[in-house]
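Peer 1: here is a sequence together with a model predicted from it:
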Amino acid sequence: MTPGKYEMVVGLEVHVQLKTRSKAFCGCSTDFGDAPNINTCPVCLALPGALPVLNEQAVTLAARAALSLGCTIHPVSVFARKNYFYPDLPKGYQITQFDRPLATGGHVAIDVGDGARRIGVTRVHIEEDAGKSIHDRFPRETAIDLNRAGVPLIEIVSEPDMRTSREAGAYLRTLRQILKYLGVSDVSMEEGSLRVDANVSARLHGDAELGTKTEMKNMNSFSGVERALEFEFARQCEVLDRGGKVVQQTLLWDAARGEARVSRTKEGSHDYRYFPEPDLGHLVLDADWLRRVKAEMPELPSDRKARFVSDFSLDAEDVDQLTADPSLGEYFEAVARATADGKSAANWVMGEVQALLNANNVTVDALVVRPADLAQLIHMVRDGLVSHAAAKRVFALMAETGKPAAQVAHEHGLLQVGDDVSLAGWIDEVLAEHPDEATRYLAGERKLQGVLVGFVMKKSAGKADPKRVNQLLVSRVGPG
Amino acid sequence: MKSEDFRALHAAAISARVAAGTLDPAEVVAASFARAKEVGAGREELNLVLWSDEKVAQADAVSVKKGMGPRGGGGSLAGVPMAVKDNIATLGLPTTCASRILAGYVSPFEATAITRLRMEGAIVVAKTNMDEFAMGSSTENSAYGPAHNPHDVRLVTGGSSGGSAAAVASGIVPIALGSETGGSVRQPAAFCGVVGVKPTYGRVSRYGLVAFASSLDHIGAFARNVDDAALVMETISGIDPRDSTSANIPVAKYREQFVSMATTPTPLDGITVGVAGEYFPEMLGTDMRRLCDRALDLLRSLGAKVVSVSMPHTSLAIPVYYIIAPAEASSNLARFDGVRYGMRRSGSASLREMFGDTRSDGFGPEVTRRILLGTYVLSAGYYDAYYRKAQSVRTLIADDFTRVFAGTCDVLFTPTTPTTAFPIGQITDPYEMYMSDIFTATANLAGVPAMSLPIGRSNGMPAGGQIIASHFCEDKMFRVAYALEAALGGEAHQ
């Protein structure tokens, strides 16, 4: 096998569940994890005589997503029926958009370390989710749960612009971050609110024509997508090297085995008999509506990064970390604004805050220390009221108790001690307890000063003002 | 209440007496059931009524009397018994579309039109026989066998809403609901000698009407006279948030104009009636032509101006209809898969077999034919040649109407059907059967309102005249129909 001869070509179809309260065409709740078939009604059960009514919020969120990808939103788009039989598809058709989608022609900017590259977005359209078939619950029976049937989705179709699995991964991570910023979806692959199908083909480097593609399904993580692409690309290269032909087919990724197998349902052979959905009018979005959606657009990750760099004089790497999660970025900014000290705010958020979140495996939304509280703590450090070392302890206690910094520092005796009497007392004790170091230091061995300051800090449980301790120690030996 | 007394009462008269407290709804309901028995409306005789339950109806009568309805007992249809086509969802009685596949199915929700009628005090007494899923023009394609025309039991009622039309014609109910996709209210109304109305598309909510062809489906009404038909249409019309295709246009009080019309000899002054040659082809019988001419003479005498117009795309309506309607039907009927409700064949070896077995057993031959036809015309490679082409021809047919109504015409007058009711079992060629909707399918394709009213008899059987108006101009349609009905008087049924 000689993969070096070949180039991977990847296009991705991403389905994203929109975070609406009710379903796309009825008033049922979209809540995840309820008892089976609880969130259903005549419309999403496809009872005879029921009709769909479009959820405007779904259109708003879809338009927001499409705008963030630089797509053109079409003033008129058309819902269509995609017809096929499946037990978890109640109507026998899915309401989707076909030849006149909501939006077309956008891009996602990715950077895998060799400069920014644009991956084209062919289209974004609105559709409804199917229910779930559960095969492992009852022996020899299939159970159907229609809670998910009718939940709004957008499908984001990329151009075949990705050339490596890393690029595919970067595209997906960037896309997920954008959608998370927009608040349009939970974008969790594990929970199924983001699903990826990958079209992959191989061609000789330099070839203009695309090779025959296969479609990879069933990946349940971004790294799974990358591994699946590598696996399938290698397989195709081998086929081509042997002089064989790649067969267009659908493959299911088996993450546990690290391999793909051919899907039994032949997707390519389906004729979905699309036609315009006669139960819904054309989706007409006027300029005023679009202006409102644009006005309500949350800040995008790229804009926020640029703003953080310029507003807070941070370097790009720090900004990447601070903006990875939208709420973390908001937290940081609130702290930075309250302290007027972006550098300290960034250090705290990337340091203690992030460490605490990681340790508890939660997001910043779960943190009881409000930005104003953290800002107060940073002020106290700056003003010498608490030492750096004590501040970490104060922060941990704040996170535990939810109390403000000053109160915690006071209650736990963590306020910095700067009065010479107390400090001299601790210094005397340290010198007495460490006669050897004391003698050598007083004899002029200045490099021991740090060790002695450390002893004093330890004795004071971090409360001693280290700057003053240094000064007092120096005064003991006189100017050297 | 004596049978002839009950049959003499129109809906408006019943509700007036019930509201005045001089008539008990329970008496009316009892009279309706007695009349059904008298004419033999059941399966073994005329086969007009598929489902009815006197206990349920009498309980409703008690509610109406007690004023337990949201509008009290004084609604505009208080105590009026009505029949409902079996493809319109009702609580309390099955909704099976006269199909085996929905045997025993009772809807957990009710059609918007039914709810609106109930709000005014109407009482559902029967679900009526029909062509399975409304696919047919004779009510012969029912899983429960053909309905018989009360004027001559050897003849069809017309269809697909034949049971509702015949229930009104035989005096079981003064009003009934039907549905139309290509003439399924107007054609049986003509065959049974009653008034049948199809409103503008979007005028009456389709919520609760089991879909056949969504872009052509309408709920319509039957009554023994124009006034009652207008009353029902006033009640059920108007926007419904549950039907995205329902129109947000105010509903006129159709009946208000009738009062002033009675005082003038020329109530149609200023009205122009168009007559299109395409609706009077060579094959039209001389009797039918004579009855139409008489009606047109009367319209002139009522003050209307009658002008000739051209509707060049009329003959394309049936071919276009039989592409679009089956296409939509093939998709609409996909939900009957045996998974969630209705019939399911057991013992199938696989999922796909279960789908196939259930649907093969559950659907009758005409439904099967149309699903196959619709599946074919939507298939890749055929879509442009059939479905897309049909949609563009549909636009031409609609343009014919737009043009004449934008010009001088207020309404069009045509025969409702080429012939009167034909014998049960006579027409076996599907295409020949489809041709009986030749004058009615155009209005469904264009979405314009149209109605049929009795204009006399041919060989002893009722014949219908059709009045077609422009979109949302039901008031004009009713105006012309009301005046013509009055002018015809007893001649309408002779």
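Peer 2: Alright, I've got the coordinates.

Peer 1: spell out which residues make up each domain of chain B.
Peer 2: B:1-310+B:390-494, B:318-385 (automatic domain parsing).

Peer 1: near chain A, which residues of the stretch 101-250 of chain B show up?
Peer 2: B:102, B:105, B:107-109, B:111, B:206-211, B:213-215, B:241-245 (Cβ under 8 Å from any Cβ of the partner chain). Placement of C-beta: from N, CA and C, glycine included.

Peer 1: including distance to residue A:143, could the domains of chain B go into a markdown table?
Peer 2: A markdown table is the format used below for those (distance: least, Cβ to Cβ, whole Å):
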| stretch | distance to residue A:143 |
| --- | --- |
| domain B:1-310+B:390-494 | 21 |
| domain B:318-385 | 11 |
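
Peer 1: just to revisit the earlier point, show me which of the residues of the stretch 101-250 of chain B next to chain A are buried.
Peer 2: Buried by 16 or more other Cβ atoms under 10 Å in any protein chain shown: B:102, B:105, B:107, B:109, B:111, B:206-211, B:213-215, B:242-245, out of these.

Peer 1: out of those residues, which are inside strands?
Peer 2: Assigned to strands by DSSP state E, none of these qualify.

Peer 1: from those, which land in helices?
Peer 2: Among these, no member falls in helices (DSSP state H).

Peer 1: any weak-confidence spans in chain B?
Peer 2: B:68-73 (pLDDT under 70).

Peer 1: can you tell me the centre-most residue of it?
Peer 2: residue B:185 (2.4 Å; Cα atoms, centre = their mean).

Peer 1: check contacts around the nearest residue to that residue once chain neighbours are set aside.
Peer 2: Closest residue to residue B:185 apart from its sequence neighbours, by Cβ to Cβ, 6 or more residues apart in numbering or on different chains: residue B:220 at 3.6 Å. By Cβ atoms under 8 Å, 6 or more residues apart in numbering or on different chains, residue B:220 lies in contact with B:161, B:177-180, B:184-186, B:196-199, B:204.

Peer 1: if we use 6 Å, what do you get?
Peer 2: By Cβ atoms under 6 Å, 6 or more residues apart in numbering or on different chains, the residues touching residue B:220 are B:178, B:180, B:185, B:197, B:198.

Peer 1: what strand or helix carries residue A:147?
Peer 2: Taking DSSP states H and E as the definition, one finds residue A:147 inside no helix or strand.

Peer 1: secondary structure class for whichever residue of the stretch 101-250 of chain A sits closest to chain B?
Peer 2: For the stretch 101-250 of chain A, the residue closest to chain B is residue A:144, as judged by Cβ to the nearest Cβ, at 6.9 Å. Counting by DSSP: H, G, I helix; E, B strand; the rest coil, the backbone at residue A:144 sits in strand.

Peer 1: what about it, how many residues nearby?
Peer 2: Using other Cβ atoms under 10 Å in any protein chain shown, residue A:144 has 18 other residues around it.

Peer 1: can you check residue B:380 too?
Peer 2: By other Cβ under 10 Å, the residues close to residue B:380 number 11.

Peer 1: tell me the secondary structure at the closest residue in space to it that isn't next to it in sequence.
Peer 2: Excluding its sequence neighbours, the residue lying closest to residue B:380 (Cβ to Cβ, 6+ apart) is residue A:271, at 4.9 Å. Here residue A:271 takes the coil state, with states given by three-state DSSP.

Peer 1: check contacts around residue A:218.
Peer 2: Contacts of residue A:218 by Cβ under 6 Å, 6+ apart are A:252, A:253.

Peer 1: run through chain A and note the low-pLDDT ranges.
Peer 2: By pLDDT under 70, the weakly predicted segments of chain A are A:1-3, A:264-269, A:479-480.

Peer 1: next, count neighbours for the closest residue to residue A:91 other than its chain neighbours.
Peer 2: Spatial nearest neighbour of residue A:91, chain neighbours left out: residue A:46 (4.2 Å); criterion: Cβ to Cβ, 6+ apart. Neighbours of residue A:46 under the rule other Cβ under 10 Å: 24.

Peer 1: tell me which stretches of the stretch 151-300 of chain B form strands.
Peer 2: B:175-180, B:195-198, B:218-223, B:272-276 (DSSP state E, counting those that start in this stretch).

Peer 1: which of those strands sits closest to residue A:437?
Peer 2: Of all these, it is strand B:218-223 that lies closest to residue A:437, at 99.0 Å by Cβ to Cβ.

Peer 1: find the closest residue to chain A in the stretch 251-400 of chain B.
Peer 2: residue B:334 (2.4 Å).

Peer 1: list phi and psi for that residue.
Peer 2: Main-chain torsions, residue B:334, degrees, to the nearest 10: phi -70, psi -20.

Peer 1: would you mind listing what in the stretch 251-400 of chain A touches chain B?
Peer 2: A:271, A:273, A:275, A:278, A:279, A:280, A:281 (Cβ under 6 Å from any Cβ of the partner chain).

Peer 1: circling back: which ones are touching the residue nearest to the centre of chain B?
Peer 2: Per Cβ under 6 Å, 6+ apart, neighbours of residue B:185: B:161, B:178, B:196, B:198, B:220.
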